[in-house]
Each structure stands twice: as structure tokens, then as C-alpha cells.
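Peer 1: quick one, fold the following:
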Amino acid sequence: MMQRIQRVLASVASLIALGLQARAAGRLPDADRTRVQARIRAGERPR
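Peer 2: I've put the predicted structure just below:
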């Protein structure tokens, strides 16, 4: 269970880092960012 939580946190952290890099480069509009955040929230609790 802990390994699964750590994997999820690592993937979320990497996605956030990628999103921040893309936003800093100006390649990611707000709509895409909110869609990515929604996908991350949905993936945090797999059912």
C-alpha cells in the first residue's frame, strides 16, 4: 500500500513539474492546465 501511494505521489509530482515547465515556456494554455489537473485528481483515487 505504501509503495502504491509513493508511486502515485511521484507521478503527480512529475506531472506538476512538467506542467510548471510548460507554463513557464508558455506552451500550456489555462484550459489544458485545468484539464490536466482534473485528470490528476481523478487518478489520485483509482476505483
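Peer 1: if I look at residue 13, how far off is residue 26?
Peer 2: Distance, residue 13 to residue 26, by CB to CB, to the nearest Å: 22 Å. Where you see a C-beta, it was placed from the backbone N, CA and C, and this is true even at glycine.
Peer 1: now swap in residue 6 and tell me
Peer 2: 32 Å.
Peer 1: more neighbours, these two?
Peer 2: Higher neighbour count among residue 6 and residue 26: residue 6, with 10 against 7, using other CB atoms under 10 Å.
Peer 1: buried ones in whichever strand or helix holds that one, by neighbour count?
Peer 2: When elements are assigned from DSSP states H and E, residue 6 belongs to helix 2-25. Neighbour-count burial for helix 2-25 flags residue 19 (criterion: 16 or more other CB atoms under 10 Å).
Peer 1: who are the packing partners of it?
Peer 2: Using 3 or more CB pairs under 8 Å, 6 or more residues apart in numbering; DSSP states H and E, the elements in contact with helix 2-25 are helix 30-44.
Peer 1: give the rounded mean pLDDT of the helix it packs on.
Peer 2: Taken as a whole, helix 30-44 has a mean pLDDT of 71.
Peer 1: check stretch 18-26 too.
Peer 2: 76.
Peer 1: in PDB, could you pull the C-alpha coordinates for that stretch?
Peer 2: Taking C-alpha atoms only, stretch 18-26 is exported to PDB below (Å, rounded to 0.1, in the frame of the first residue of the first chain):
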ATOM      1  CA  LEU A  18       6.200  19.100 -16.300                       C
ATOM      2  CA  GLY A  19       3.100  21.400 -16.200                       C
ATOM      3  CA  LEU A  20       5.100  24.200 -14.500                       C
ATOM      4  CA  GLN A  21       7.900  23.900 -17.100                       C
ATOM      5  CA  ALA A  22       5.400  24.000 -19.900                       C
ATOM      6  CA  ARG A  23       3.600  27.000 -18.400                       C
ATOM      7  CA  ALA A  24       7.000  28.800 -17.900                       C
ATOM      8  CA  ALA A  25       7.700  28.200 -21.600                       C
ATOM      9  CA  GLY A  26       4.200  29.500 -22.400                       C
END
